[in-house]
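Student: quick one, fold the following:
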Amino acid sequence: MKVWVFLLFPFLAFSQVIPAVVIPRIQAAREKQNPLIIAEQFYGLPYASHALSKENPEKFVVDFSGFDCVTFVENVWSLYRSKGIDSIFLRELEQIRYARKPISYENRNHYLSATFLQMEEKGLFTQVIPASYRVLAVKKVDFLSQFLAPKKWMIVLPAIQKMENDLGPMTYVPSASFSQVSSFLQSGDVIAFVSKRKDLDYQHVGFIRQHKGQFYLVHASQDRQKLCQSVESISVYLKNHPSMIGFNVFRPEYAK
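Tutor: Numbers count the residues shown, from 1 in each chain. From the prediction side, this is the model:
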């Protein structure tokens, strides 16, 4: 797979950004409205942590050699939306990864809750599970600013702190309630797992696959260090990961 690093969006700089092997999968995925057809192309690739810039100058990274859980979801989404066209792919990847222009570390969506809120406001993601099943999370999300505070990196810390303050309250479905809400779920939904840490919103994210009455997780697995489908069902996965206290499910707009 190719790896490109963009400072901006020089669409004409390369003859091809989307790997040729992925193009037929994009076409099939759109015909069947099933993004997992694209996701399957990346099974077996390595889990790649810290793939994006750690400080400014921020680079726009396009990397198909491996993903972490977030870059996996955002790339599959953007590939689906691209219709196989490079310029559309880059545009879609930018709008899910960044809150605004210009591209900078401060303008990146560092928290999944910011990503989901932004995509909901644009009408591109919809929260699936009714509010009556969700509870309020007791959190003060400031993990990133606390991490960055002692660093001497080229980052405007007050901008990060403002972004954290703007996140607002968060609700989620407790892990024990998975069976009660499973009837709302379908393949291709995005499931995000809430961290038990008070300073962090989500711990992990992936796609849901329904198979023979069970729901499985398609994700970049840090446990298995590769992109794969979970061996256990999501209900069992939640029991095996007590650091995750619950989850939220979002349905992306795949039809367009």
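Student: residue ranges of the helices in the stretch 1-150 of the chain, please?
Tutor: Secondary structure of the stretch 1-150 of the chain by DSSP state H, counting those that start in this stretch: the helices cover 23-32, 36-39, 69-82, 86-97, 112-121, 143-148.
Student: could those helices go into TSV alongside mean pLDDT, distance to Tyr216 and mean neighbour count?
Tutor: (Glycine included, C-beta is placed from N, CA and C.) Shown next, in TSV, are these (pLDDT from 0 to 100; distance: least, CB to CB, whole Å; neighbours: other CB atoms under 10 Å):
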stretch	mean pLDDT	distance to Tyr216	mean neighbour count
helix 23-32	97	18	16
helix 36-39	98	10	22
helix 69-82	97	15	24
helix 86-97	97	23	19
helix 112-121	97	20	19
helix 143-148	98	29	16
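Student: nearest to Arg251, out of those helices?
Tutor: helix 112-121 (10.4 Å; CB to CB).
Student: contact partners of that closest one?
Tutor: Outside helix 112-121, the residues that touch it by CB atoms under 8 Å, 6 or more residues apart in numbering are 70, 74, 96-97, 99, 109, 125-127, 141, 163, 166-168, 170, 192, 201-202, 205, 248, 250, 252.
Student: restricting to C-alpha, output it in PDB.
Tutor: Extracted in PDB, the C-alpha atoms of helix 112-121 (Å, rounded to 0.1, in the frame of the first residue of the first chain):
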ATOM      1  CA  LEU A 112     -14.100  11.100  19.100                       C
ATOM      2  CA  SER A 113     -16.900  12.900  20.800                       C
ATOM      3  CA  ALA A 114     -15.900  16.000  18.800                       C
ATOM      4  CA  THR A 115     -15.900  14.000  15.600                       C
ATOM      5  CA  PHE A 116     -19.300  12.500  16.200                       C
ATOM      6  CA  LEU A 117     -20.800  15.900  17.200                       C
ATOM      7  CA  GLN A 118     -19.400  17.500  14.000                       C
ATOM      8  CA  MET A 119     -20.700  14.700  11.800                       C
ATOM      9  CA  GLU A 120     -24.100  14.800  13.400                       C
ATOM     10  CA  GLU A 121     -24.300  18.500  12.900                       C
END
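Student: ok so, going back, okay, the helices of the stretch 1-150 of the chain in JSON lines with distance to Met244 next?
Tutor: JSON lines is the format used below for the helices of the stretch 1-150 of the chain (distance: least, CB to CB, whole Å):
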{"stretch": "helix 23-32", "distance to Met244": "28"}
{"stretch": "helix 36-39", "distance to Met244": "21"}
{"stretch": "helix 69-82", "distance to Met244": "12"}
{"stretch": "helix 86-97", "distance to Met244": "22"}
{"stretch": "helix 112-121", "distance to Met244": "13"}
{"stretch": "helix 143-148", "distance to Met244": "15"}
